[in-house]
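Student: based on what follows, work out the 3D shape:
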Amino acid sequence: MDRVRQQRARVERIARFASRAGYALLAIAVVVFFVALVTDFSATLAAIITVTLIAGCVLLAPAIILGYAVRAAEREDRERGT
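Tutor: Next up is the predicted model:
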């Protein structure tokens, strides 16, 4: 495997991990939000929701872009026959 494909595979693994972590953080935010609705909506729960939402978005945005970029590069390589 050449260096470009190795780098692309590494970026794909990082993007996949960041995507899973980002979606997990968003899921945690949703669960904590509903827990907060059922119980006393405290400042601590609001802080947890806010932090997990921001962290999830920070992870997801570049992960989605990198994932699409890797897939586009692979598709272009296939079309060119390289």
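Student: need the outlier residue of this structure, farthest from its centre.
Tutor: residue 81 (30.6 Å; Cα atoms, centre = their mean).
Student: for it, give me phi and psi.
Tutor: Main-chain torsions, residue 81, degrees, to the nearest 10: phi 80, psi 20.
Student: for stretch 58-72, buried residues please.
Tutor: 59-60, 63, 66-67, 70 (16 or more other Cβ atoms under 10 Å). Every residue, glycine included, has its C-beta placed from N, CA and C.
Student: tell me which element the spatially most central residue of the chain falls in.
Tutor: Note on the chain: the residue nearest the mean C-alpha position is residue 19, at 2.3 Å, using Cα atoms, centre = their mean. According to DSSP states H and E, residue 19 maps onto helix 3-38.
Student: other SSEs contacting that helix?
Tutor: helix 43-80 (3 or more Cβ pairs under 8 Å, 6 or more residues apart in numbering; DSSP states H and E).
Student: identify the residue nearest the residue nearest to the centre of the chain in space, chain neighbours excluded?
Tutor: Nearest residue to residue 19, sequence neighbours excluded (Cβ to Cβ, 6 or more residues apart in numbering): residue 63, at 4.2 Å.
Student: per-residue pLDDT, the one you found?
Tutor: Per-residue confidence (pLDDT) for residue 63: 96.
Student: so how far is residue 25 from it?
Tutor: Between residue 63 and residue 25 the computed distance is 12 Å (Cβ to Cβ, to the nearest Å).
Student: what touches both of those two?
Tutor: Both residue 63 and residue 25 lack any common contact, where contact means Cβ atoms under 8 Å, 6 or more residues apart in numbering.
Student: mind listing what the residue lying closest to residue 16 once chain neighbours are set aside touches?
Tutor: Excluding the flanking residues, the one nearest residue 16 by Cβ to Cβ, 6+ apart is residue 67, at 7.2 Å. By Cβ under 8 Å, 6+ apart, residue 67 lies in contact with 12, 15-16, 19.
Student: and of those, the nearest to residue 42?
Tutor: The shortest approach to residue 42 among those belongs to residue 19, at 30.4 Å (Cβ to Cβ).
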